[in-house]
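[1] This is the structure alone, sequence omitted:
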Ligand SMILES: [Fe+2]
């Protein structure tokens, strides 16, 4: 099948190989307080989405939601699948935007937008769901303060009206839960077919 994505030099297969390589390398990076690797965290988020009957697009968003941690300057001009932009992995320079920009050409807005919104979705959920707010860990509560605390009434209304706000809020809940040390994750390769299908549909 011949696929073309405007403005993107990488083929879908390059992209899939590239993603598989990132997940491999993410096994050596710890996530959050260090109970799981970044790789396990992303796979767990996808597993939670699948278990919650999420659509394939939302499962893909869950799987790929933290990709932006692996470098914020992807330009997609790699041609050999061996991109080396995984850098400063713990340095968060708006990883939600970086991740969304990275996947949008391949998977479309339904995958990209929940990723882009999953960070503000935390402040949104804190404003609309006191049980969610009460359930935050000490670390997440601390970062919430740095992020501006729960959304104001106006912010909540604006966020809730955005396309894919509901999907982003669901993704955020799985994201928060996806750090169980004893969870046996589905390997990335098992999600490869789902990603391939979505890319084919996005390009159709
Ligand atoms: Fe995450």
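    Received the coordinates, thanks. Worth saying up front: this structure is predicted, and the values here are computed from it rather than measured.

[2] Could you list the buried residues of stretch 197-204?
    Buried residues in stretch 197-204, counted by 16 or more other C-beta atoms under 10 Å: 198, 199, 202, 203. Glycine gets a C-beta too; all of them are placed from N, C-alpha and C.

[3] Residue 187 - that's part of a helix, no?
    No: counting by DSSP: H, G, I helix; E, B strand; the rest coil, residue 187 is not part of a helix but coil.

[4] check contacts around it.
    residue 43 (C-beta atoms under 8 Å, 6 or more residues apart in numbering).

[5] dump the residue contacts of the residue positioned nearest the centre of the chain.
    Nearest to the mean C-alpha position of the chain, by C-alpha atoms, centre = their mean, lies residue 65 at 0.3 Å. With contact set as C-beta under 8 Å, 6+ apart, residue 65 has these partners: 42, 45, 99, 114, 115, 118, 171, 175.

[6] what do you get if the cut-off is 10 Å, keeping everything else the same?
    Residue 65 is in contact with 41-42, 45-46, 49, 95-96, 99-100, 103, 111, 114-116, 118-119, 168, 171-172, 174-175, 178, counting by C-beta atoms under 10 Å, 6 or more residues apart in numbering.

[7] Check which element follows the helix or strand bottoming out on mean pLDDT in the chain along the chain.
    Sorted by mean pLDDT, DSSP states H and E, the helices and strands of the chain end with strand 30-31, the least confident at a mean of 76. Once the chain leaves strand 30-31, the next helix or strand it forms, by DSSP states H and E, is strand 36-37.

[8] packing partners for that following strand?
    If you count contacts as 3 or more C-beta pairs under 10 Å, 6 or more residues apart in numbering; DSSP states H and E, strand 36-37 packs onto helix 12-26, strand 30-31, helix 38-51.

[9] please redo it, this time with the cut-off set to 6 Å
    Here strand 36-37 touches no other helix or strand, going by 3 or more C-beta pairs under 6 Å, 6 or more residues apart in numbering; DSSP states H and E.

[10] and it with the ion, contact?
    No: using C-beta under 5 Å from the ion, strand 36-37 never reaches the ion; the gap is at least 10.4 Å.

[11] Check stretch 43-52 too.
    No: using C-beta under 5 Å from the ion, stretch 43-52 never reaches the ion; the gap is at least 6.1 Å.

[12] Figure out how far that stretch is from the centre of its chain.
    Offset of stretch 43-52 from its chain centre (C-alpha atoms, centre = their mean, to the nearest Å): 12 Å.
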